[in-house]
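1. Got a sequence here, can you build the structure:
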Amino acid sequence: MNRQQFERYLQGKSLPSSHNTYRISQYFGVDEQSLFMPPDRFEYAHAATGSSFAVPTMLDNLFPGDLGVLRNYLGIYHSHFVNRTWPDRVQRALCVVTEVDGKVLTRYVGRVKDPHSSLVYRSKFRGMMSFHGDRLFLLERGNAASDALAQTILMPPERHRSTYVTGLAVMVAWRPHRTPFCSRMIWKRLAEQVDYREALRMCGLVDPKSRSLDPVIRSFFADTSVSFLSL
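-> Residues are numbered from 1 along each chain as shown. Just a heads-up that it's a prediction; the model follows:
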């Protein structure tokens, strides 16, 4: 957003689009409606906020936690879980963990072909990862307007650069209803020089007994009936 454009907003010569209104409200940590309050009402509404009014917000202070530990988890992974939409299959997706300006960011890419309708469902999430105590915390938000937040808690292995990381994830199913559910989760670290397109092509639904699954992951989901819990 350039300075001249923002100056027009401040002078009341033009109004920001809904997209820019959202961006501005997120930057200053206020709701969108507050931006259109008269100055006196705005000051009164946010008088108690004090220094927390500006970025960083409270959530920003939670990330990244122990950055030294988190750097052990930078890389590309295949994440595996059981989706409430397809309870008899293991869903494999791609998760990229990177560091940007001292924050550990994640990018999730999923692609699923429904075995019943042959429709293809795609999903993208971006998030942030934190390390506190002895756990990894991941908070993600979907790119689509209808997507909700997803939270994952991972339990680091004894060796931080282990191939596998396990935990639990809370998500929202796609169909038949947008039902929240909790699933066991296992990440598998991919090689540093992995072919990204090939790794993405491998994403989708997999029979939990299929030999195409890593033996460790196959064992992890040996009983898919206890792999997820509807909320």
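2. residues of stretch 205-221 that come out buried?
-> Buried residues in stretch 205-221, defined by neighbour count with 16 or more other C-beta atoms under 10 Å: Leu205, Val206, Pro208, Leu213, Ile217, Arg218, Phe220, Phe221. (Each C-beta comes from the backbone N, C-alpha and C, glycine too.)
3. Mind checking what secondary structure the residue nearest to the last one when sequence neighbours are not counted has?
-> Read that as Phe221. In space, Phe221 comes closest to Pro208 once its chain neighbours are excluded; the distance is 4.5 Å by C-beta to C-beta, 6 or more residues apart in numbering. Pro208 carries the three-state label coil when classified by DSSP: H, G, I helix; E, B strand; the rest coil.
4. Now do the same contact list for the residue lying closest to Val206 once chain neighbours are set aside.
-> Once flanking residues are discounted, Val206 sits nearest to Val90: 4.9 Å by C-beta to C-beta, 6+ apart. Applying C-beta atoms under 8 Å, 6 or more residues apart in numbering to Val90 gives the contacts His80, Phe81, Val82, Leu205, Val206, Asp207, Pro208, Leu213, Ile217, Phe221, Thr224.
5. and the fourth one, what pLDDT?
-> Which is Leu205. Predicted confidence (pLDDT) for Leu205: 94.
6. residues of stretch 161-178 that come out buried?
-> So, applying 16+ other C-beta under 10 Å, buried residues of stretch 161-178: Val165, Thr166, Gly167, Leu168, Ala169, Val170, Met171, Val172, Ala173, Trp174.
7. swap in stretch 71-86?
-> Under 16+ other C-beta under 10 Å, the buried positions of stretch 71-86 are 73, 75-86.
8. Dump the buried residues of stretch 205-221 to CSV, plus secondary structure and distance to Leu136.
-> Output for these, formatted as CSV (DSSP: H, G, I helix; E, B strand; the rest coil; distance: C-beta to C-beta, whole Å):
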residue, secondary structure, distance to Leu136
Leu205, strand, 25
Val206, strand, 24
Pro208, coil, 24
Leu213, coil, 23
Ile217, helix, 18
Arg218, helix, 23
Phe220, helix, 17
Phe221, coil, 20
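9. farthest-separated two in those residues?
-> By the measure C-beta to C-beta, Leu205 and Phe220 form the most distant pair in the buried residues of stretch 205-221, at 16.2 Å.
10. any idea how far Phe181 is from Gly133?
-> According to C-beta to C-beta, to the nearest Å, Phe181 and Gly133 sit 25 Å apart.
11. the more surrounded of these two?
-> Neighbour count, other C-beta atoms under 10 Å: between Phe181 and Gly133, Phe181 has more, with 19 against 7.
12. Quick check: buried residues in the helix or strand harbouring the more buried one?
-> According to DSSP states H and E, Phe181 maps onto strand 180-189. By neighbour count with 16+ other C-beta under 10 Å, strand 180-189 contains the buried residues Phe181, Cys182, Ser183, Arg184, Met185, Ile186, Trp187, Lys188, Arg189.
13. Run through the helices of this structure in chain order.
-> Assigned by DSSP state H, the chain shows helices spanning 3-10, 18-28, 39-45, 58-62, 67-70, 196-201, 215-220.
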